[in-house]
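**Q** Starting from these lines, generate the structure:
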Amino acid sequence: MCIEAWVRNGLIETQIAHNMGVSLRTLCNYKQIHLPIMQALKKGKEVADFEIENALFKKAAGYDYEE
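**A** Below you'll find the model as predicted:
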């Protein structure tokens, strides 16, 4: 689902609503009515949060990476 990918890529709900062609209020209503939309938002956030946690942990542990 596109919503999950948008969240995973760092878009906030205002931007997601814009991409969907609806208002933020409508997206909030959709989240309450349509479980798959809520699940996609939640799953995308979990993935993004996990990636950030890992990056912060590596930095705190002294991990260094040069491209």
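**Q** all helices of the chain, in order?
**A** 2-8, 13-20, 24-33, 35-60 (DSSP state H).
**Q** Adding mean neighbour count, distance to E66 and mean pLDDT as columns, could you present the ones you listed in TSV?
**A** Placement of C-beta: from N, CA and C, glycine included. As requested, these are exported to TSV (neighbours: other Cβ atoms under 10 Å; distance: least, Cβ to Cβ, whole Å; pLDDT from 0 to 100):
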stretch	mean neighbour count	distance to E66	mean pLDDT
helix 2-8	17	26	92
helix 13-20	15	32	95
helix 24-33	13	40	96
helix 35-60	13	13	90
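**Q** mind putting those helices in JSON lines, distance to E67 included?
**A** JSON lines is the format used below for the helices of the chain (distance: least, Cβ to Cβ, whole Å):
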{"stretch": "helix 2-8", "distance to E67": "22"}
{"stretch": "helix 13-20", "distance to E67": "28"}
{"stretch": "helix 24-33", "distance to E67": "36"}
{"stretch": "helix 35-60", "distance to E67": "14"}
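**Q** Verify the stated contact: K43 with E4.
**A** Yes - at 5.5 Å, K43 and E4 qualify as touching, with contact defined as Cβ atoms under 8 Å.
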